[in-house]
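# Predicted model, plus sequence, below.
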Amino acid sequence: MKKIDFDNYADEYNKILDDQLNFFSADSQYFAEYKVKQAKAVLPQTPKTILDFGCGIGRSIHFFQKYFPSSQIYGCETSEKSLEIARKQFPSAHFYQTQELASLGMRFDLIFLAGVLHHIEVKDRRPTIELISAALQPQGNILIFEHNPFNPMTRHLVNTCPFDRDAVLLKPTETKQLLTDAGIHKIKHYYTLFFPAALKWLRPLEYYLRHLPLGGQYLVQGTAAKLIP
């Protein structure tokens with residue numbers, strides 16, 4: 001299957017998401033903020049450095065700046081056009097092409113992926129996670145949000161989204177295995193995004209439902225090993 005070129009969607013990315021997700025929330029920014037708030041809730045401490053891996057046009061950057069004001073925020077992305085938009089919107093953050101990551105020589109306290117892995121070819125997923133693992137500080141955290149393939153509405157949205165035509169969804173067990181193979185420890189997962197806007201008054205219950213495979217997405221969390229002297 002031909003891979004999606006996100007340069008072709010950068011200018012209309014927000015509009016496409018608004019149209020796709022309108023049934024769930026009138027404001028598609030809800031999803032970006034939701035994930036960053038989840039990160040805030042599960043992290044044991046505030047990270048000094050955060051990398052949004054596959055940051056796109058920077059939809060999560062504003063919320064990282066809001067919820068982690070003392071952190072240095074970085075983003076990397078393969079789409080140069082998306083990076084141009086992100087740099088203009090968030091001049092205080094630092095943005096790089098994904099292929100620059102290995103040569104930067106930086107290590108991050110948190111690396112965050114939201115809806116990235118399902119766009120990466122299956123054969124390239126393991127080396128991608130190995131690259132990310134190598135860029136984590138000792139005991140740094142990785143958070144991965146992915147579409148839940150067990151949720152029929154999620155599958156419908158993926159099947160009808162223009163820039164998800166190349167998507168191959170991962171089960172939580174697959175995502176967790178990728179982290180295990182890369183030497184990541186303390187791996188756990190939760191399900192998220194259970195209720196659409198019409199039932200938003202039920203959203204406080206999501207915490208108690210997080211182990212049920214019914215949510216629209218799931219979160220996998222892992223920790224890098226300690227530095228061995």
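Perfect, thanks for sending it. Numbering: from 1, shown residues only.
# So what's the gap between the biggest strand by length in the chain and the chain middle?
Assignment by DSSP state E gives strand 136-147 as the longest strand of the chain. Going by CA atoms, centre = their mean, to the nearest Å, the spacing between the C-alpha centre of strand 136-147 and its chain's C-alpha centre is 9 Å.
# One more: stretch 171-182?
Relative to its parent chain, stretch 171-182 has a centroid offset of 15 Å by CA atoms, centre = their mean.
# who's in contact with Gly183?
Contact partners of Gly183, counting by CB atoms under 8 Å, 6 or more residues apart in numbering, are Ser133, Ala224, Ala225. From N, CA and C alone the C-beta is placed, and that goes for glycine too.
# Whichever of those end up buried, select them in PyMOL.
Per 16 or more other CB atoms under 10 Å, the buried members of the contacts of Gly183 correspond to this PyMOL selection:
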select buried, resi 133+224
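# one step back: list the buried residues for the longest strand of the chain?
Those would be Leu136, Gln137, Gly140, Asn141, Ile142, Leu143, Ile144, Phe145, Glu146, His147, for strand 136-147 by 16+ other CB under 10 Å.
# Which parts of this protein are helices?
For the chain, the helices defined by DSSP state H cover 13-21, 29-42, 61-67, 80-89, 101-104, 122-134, 152-160, 172-181, 206-209.
# Pairing partners for the nearest residue to Gly115 once chain neighbours are set aside in the sheet, please.
Residue nearest to Gly115 in three dimensions, not counting chain neighbours: Phe145, with 6.3 Å by CB to CB, 6 or more residues apart in numbering. Per DSSP bridges, the residues bridged to Phe145 are Ala114, Leu219.
# Let me see the contact set for Phe145.
By CB under 8 Å, 6+ apart, Phe145 lies in contact with Lys35, Gln38, Leu113, Ala114, Gly115, Thr192, Gln217, Tyr218, Leu219.
# need the contact list for the closest residue to the second one other than its chain neighbours.
To tie it back to what came earlier, the one meant is Gln38. Using CB to CB, 6+ apart and skipping residues adjacent in sequence, the residue nearest Gln38 is Leu219, 6.1 Å away. Leu219 is in contact with Lys35, Gln38, Val42, Leu143, Ile144, Phe145, His189, Tyr190, Tyr191, Thr192, counting by CB under 8 Å, 6+ apart.
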